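Novice: build me a model:
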Amino acid sequence: MLKDKERWNEKYLVAPMPKESSEILIKNISLAQKGRALDIACGMGRNTHYLADNGFIVDAIDLSDYALKKVREADNINKIDADLDTYTFKENTYDLILKINYLDRKMFPNIIKALKKEGIFIYETFVKTPLDAGYHNPTNPDFHLELQELPKAFAELEVLFYEENDAINLRGEKVRIASFIGKKK
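Specialist: Numbers count the residues shown, from 1 in each chain. Sure, this is the predicted structure:
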């Protein structure tokens, strides 16, 4: 875990990070009932702050203690410094769970369990693309989805929205992004 923490701290120090809240969250926050939210791999809090500013009590979890120090102190923000490989989500707790640009498939069943009935899951991350098609792929193949993977992985949820689109990352590279919104039945 210490090696992963150091790697993520270094990434937050060196790599460009988005400052604006995720568009998928801004456009779809109204789908969730205000209450408790979980921001998985929250980074420096761009989405955590948006959730808190919009009336949610937010559990913001990340492995990087450097990133968590950038998350503001607020009564409705609970910062959790934890390794997501071993962290256990509380069942039937969250009205909204958000996961942006982080993939760990082992976590999928726990996300579903952590949602309250009628809870909303918003997820956006990278999709595997052909290497010869001019796309940038994450260096580790475990960090990108297969085509149409999310609707299958979250079949227990009612799919409210799903699409895969091309985008440009902060380094100007072409990437493919999957956007998913599901509701616990």
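
Novice: partners of the one helix or strand residue 125 maps to, with directions?
Specialist: For residue 125, the enclosing helix or strand under DSSP states H and E is strand 115-126. Partners of strand 115-126 in the sheet, by DSSP bridges, are strand 94-100 (parallel), strand 174-184 (antiparallel).

Novice: which residue ranges form the strands in the protein?
Specialist: Assigned by DSSP state E, the chain shows strands spanning 36-40, 57-62, 77-81, 94-100, 115-126, 157-168, 174-184.

Novice: for residue 144, which of the ones you listed is the nearest?
Specialist: strand 115-126 (4.3 Å; CB to CB). Glycine gets a C-beta too; all of them are placed from N, C-alpha and C.

Novice: on that earlier part again, mind putting the strands paired with strand 115-126 into CSV with mean pLDDT?
Specialist: Shown next, in CSV, are these (pLDDT from 0 to 100):
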stretch, mean pLDDT
strand 94-100, 97
strand 174-184, 95
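
Novice: which stretch among the strands of the chain comes nearest residue 134?
Specialist: Each of the strands of the chain has some distance to residue 134 by CB to CB; the shortest is strand 174-184, at 5.7 Å.
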